[in-house]
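Undergrad: Sequence plus the predicted model coming up.
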Amino acid sequence: MTNFVCNYDTSDWGWDGGAVVSDVMPCANGDASSSSDSDYGSSSQSADDGQYAFGVWTPAMDESKVIYFSALKSGEKMYSDPVVAATYGPNPAVFVIYAVKTKAVGTTPETVHLFAHQVDLKSGELSDRIDLRTEEDNLINLQQDYEFDVLAQSNNRVAIEKSWKTTEKRTVNDDQREVEIGHKQIMGLSGGAKQAETLQTFKDSVSISKDSGGYQSLNTTEVDVDDYHVFDTYVVKDSAYHLYSIDSNKEIVKIPSDYCSPGDTYRCDLQGLYRFGANQYVLNPSESYNGNKLLILDAGTGKTKKVTDLLNINTKDDQYVNFTDFGQFSDGSLYFQWDESSDSKRVFILSRDLKVTEVLDGGRWARLMLNSGEFEGANYLLKQFYVKTTDENIIVDEKGETVGSYTLTPSDDDADDYDHTAVDWIMWRDGSENTVTVTRGQAPGEPAPDSSDGSGSSSGDGSAGDSSSGD
């Protein structure tokens with residue numbers, strides 16, 4: 001990716017869906033410079049002008065490109081910073097989304113409007129505005145807190161979450177009260193479509209309960225919608241967890257709030273979600289990789305299985321199994337690294353058909369690393385581990401064999417911000433040269449893997465040219 005500078009800010013690249021994009025910066029066309037230019041992009045452009053730029057690369061492009069656009073029309077002001085979102089797939093559709101407010105004119109107050117544009121990646125031009133349709137009563141002075149967020153992506157759609165607040169009146173104990181109601185609406189953007197689709201709409205629910213003495217209480221069940229960066233999936237939270245598909249626009253499965261400890265009165269968190277197979281998901285209720293709590297959900301039956309049971313880890317005396325690393329390969333299989341003791345460091349791979357492979361054995365890993373070594377990363381395309389031993393930096397494959405050495409590991413800066421099972425490329429960052437490169441799995445400058453040997457992406461052609469980079 002070719003870095004550029006505007007207003008003294010340097011582009012910062014990361015995955016969004018199946019595209020690699022930079023942050024969006026205030027920048028008029030012609031004001032940007034390469035990161036090596038002496039003037040260092042000393043533009044005075046501000047967000048108030050509505051002029052922006054961002055970088056983008058997709059698998060359908062030979063190299064990255066800087067896109068310039070103007071967000072404002074006459075009588076408008078920026079309400080939110082623009083964001084870029086992309087679908088997955090070999091030729092992702094890329095969109096720019098932002099909110100503006102109309103200026104107050106006479107006795108007409110400001111209003112908020114949310115728009116999107118599809119980006120023509122060949123010409124660099126933006127499509128006409130796609131109206132994401134904020135509510136008709138979207139007056140700023142009503143303090144409805146209009147917000148939006150990129151929710152999730154599939155190969156066909158980008159899902160956008162809109163949120164706002166209203167008030168409703170309820171009579172409680174013969175007294176009329178105002179209740180704040182949160183609203184969520186999911187909109188779908190599809191490549192080539194001139195209009196956005198309304199997928200789902202949710203709102204807080206309010207009920208009135210009465211105690212034995214007849215005293216009434218208001219009860220509000222808030223609804224929230226969260227992005228877990230899972231292909232074609234988002235989660236709606238109310239009194240339970242609901243997984244929805246973007247493409248089918250239907251609920252996949254409803255998960256009870258006590259899923260991690262059935263029968264308990266407290267609500268289980270959902271800190272992590274992974275798509276494990278066509279109908280299976282990994283649920284992580286804790287902020288850490290607590291192996292005692294990680295579960296595999298069968299969305300067809302609603303039943304769960306503990307990861308520690310599947311890995312045949314026999315915990316003794318309530319032993320705490322905290323994985324030092326946990327991630328997903330592009331074929332959907334999961335890997336787990338566990339420091340069992342000072343004399344045992346174990347690595348497991350769990351396939352989508354629930355078969356377990358242990359890479360080497362805990363004693364050998366412990367001896368290889370002793371006090372100075374460590375696991376330094378994984379390659380989700382090639383199913384390889386990067387390991388610093390007492391004397392070397394070695395690459396170990398899923399069979400436990402040494403297949404090479406390394407000086408650079410794949411970037412893990414945003415490893416949880418996209419679905420590894422939905423991309424055929426992997427990102428590398430060379431901090432010394434501020435360079436971002438994507439490849440078919442190989443380190444920058446090395447030949448691409450031959451897909452015929454089962455390694456790497458099935459869509460790779462094995463050529464050394466299968467990479468895209470810049471500085």
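TA: Cool, the structure landed.
Undergrad: Work out for me the element the residue nearest to Tyr281 when sequence neighbours are not counted sits within.
TA: Residue nearest to Tyr281 in three dimensions, not counting chain neighbours: Leu297, with 4.7 Å by C-beta to C-beta, 6 or more residues apart in numbering. Just so you know, the C-beta spots here come from the backbone N, C-alpha and C atoms, and that holds for glycine as well. According to DSSP states H and E, Leu297 maps onto strand 295-298.
Undergrad: and that strand, which residues are buried?
TA: Applying a neighbour-count criterion of 16 or more other C-beta atoms under 10 Å, one finds 295-297 buried in strand 295-298.
Undergrad: just those residues now: which is nearest Gly182?
TA: Closest to Gly182 out of the buried residues of strand 295-298 is Leu297 (26.9 Å), distances taken as C-beta to C-beta.
Undergrad: Quick check: the gap between that closest one and Gly400.
TA: 30 Å (C-beta to C-beta, to the nearest Å).
Undergrad: again, but for Ala422
TA: From Ala422 over to Gly400 (counting by C-beta to C-beta), the distance is 28 Å.
Undergrad: between these two, who's got more neighbours?
TA: More neighbours surround Ala422 than the other of Ala422 and Gly400, with 20 against 15 (other C-beta atoms under 10 Å).
Undergrad: these two touch, right, that one and His229?
TA: No - here Ala422 does not reach His229: they are 9.8 Å apart, not a contact under C-beta atoms under 8 Å.
Undergrad: State the distance from Arg129 to Ile313.
TA: Applying C-beta to C-beta to Arg129 and Ile313 gives a distance of 54 Å.
Undergrad: meant to ask about Tyr8
TA: Taking C-beta to C-beta, one finds Tyr8 at 51 Å from Ile313.
Undergrad: ok, the two, which is more surrounded?
TA: Just comparing Tyr8 and Ile313: by other C-beta under 10 Å the higher neighbour count belongs to Ile313, 19 against 10.
Undergrad: Asp232: what's it in contact with?
TA: Asp232 is in contact with 152-155, 245-247, 275, counting by C-beta atoms under 8 Å, 6 or more residues apart in numbering.
Undergrad: where's it relative to Met427, distance?
TA: 22 Å.
Undergrad: Where does Phe69 fall, secondary structure wise?
TA: Assigned by DSSP H and E, Phe69 falls in strand 65-70.
Undergrad: next one: Thr301
TA: Here Thr301 is assigned to no helix or strand, by DSSP H and E.
Undergrad: Let me know how buried it is, in neighbour terms.
TA: Neighbours of Thr301 using other C-beta under 10 Å come to 9.
Undergrad: Over to Phe375?
TA: 18.
Undergrad: ok, and it, which helix or strand is that part of?
TA: Here Phe375 is assigned to strand 374-379, by DSSP H and E.
Undergrad: what mean pLDDT does that strand have?
TA: Averaging the model's pLDDT scores along strand 374-379 yields 95.
Undergrad: in its sheet, what does it sit against?
TA: Its sheet considered, strand 374-379 pairs with strand 384-388 (antiparallel) by DSSP bridges.
Undergrad: buried stuff in the strand it pairs with?
TA: Buried residues in strand 384-388 (16+ other C-beta under 10 Å): 384-388.
Undergrad: Kindly report the same for stretch 334-354.
TA: The neighbour-count check on stretch 334-354 (16+ other C-beta under 10 Å) flags 334-339, 345-350 as buried.
Undergrad: Out of those, list just those in helices.
TA: Applying DSSP state H to the buried residues of stretch 334-354, no entry is found in helices.
Undergrad: Columns pLDDT and distance to Thr220 on top of the residues you listed, output as a markdown table?
TA: Listed next are the buried residues of stretch 334-354 as a markdown table, based on pLDDT from 0 to 100; distance: C-beta to C-beta, whole Å:
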| residue | pLDDT | distance to Thr220 |
| --- | --- | --- |
| Leu334 | 96 | 38 |
| Tyr335 | 96 | 42 |
| Phe336 | 95 | 39 |
| Gln337 | 94 | 42 |
| Trp338 | 92 | 42 |
| Asp339 | 90 | 44 |
| Lys345 | 94 | 48 |
| Arg346 | 94 | 46 |
| Val347 | 97 | 46 |
| Phe348 | 97 | 43 |
| Ile349 | 98 | 45 |
| Leu350 | 97 | 40 |
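Undergrad: Closest to Lys305 out of the residues you listed?
TA: Nearest to Lys305 among the buried residues of stretch 334-354, with distances taken as C-beta to C-beta, is Leu350, at 10.6 Å.
Undergrad: May I have the beta-bridge partners of the residue nearest to that closest one when sequence neighbours are not counted?
TA: Distances taken as C-beta to C-beta, 6+ apart place Leu334 nearest to Leu350, at 4.7 Å, with adjacent residues excluded. When assigned by DSSP bridges, Leu334 has beta-bridge partners Gln328, Leu350.
Undergrad: Using PDB, write out the CA atom coordinates for the longest helix along the chain.
TA: Criterion DSSP H: the longest helix present in the chain is helix 362-369. The C-alpha trace of helix 362-369 is given here as PDB (Å, rounded to 0.1, in the frame of the first residue of the first chain):
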ATOM      1  CA  GLY A 362       4.200 -29.700  25.600                       C
ATOM      2  CA  GLY A 363       7.600 -30.900  26.900                       C
ATOM      3  CA  ARG A 364       9.400 -30.300  23.600                       C
ATOM      4  CA  TRP A 365       7.900 -26.800  23.200                       C
ATOM      5  CA  ALA A 366       9.000 -25.900  26.700                       C
ATOM      6  CA  ARG A 367      12.500 -27.100  26.100                       C
ATOM      7  CA  LEU A 368      12.700 -25.300  22.800                       C
ATOM      8  CA  MET A 369      11.800 -22.000  24.400                       C
END
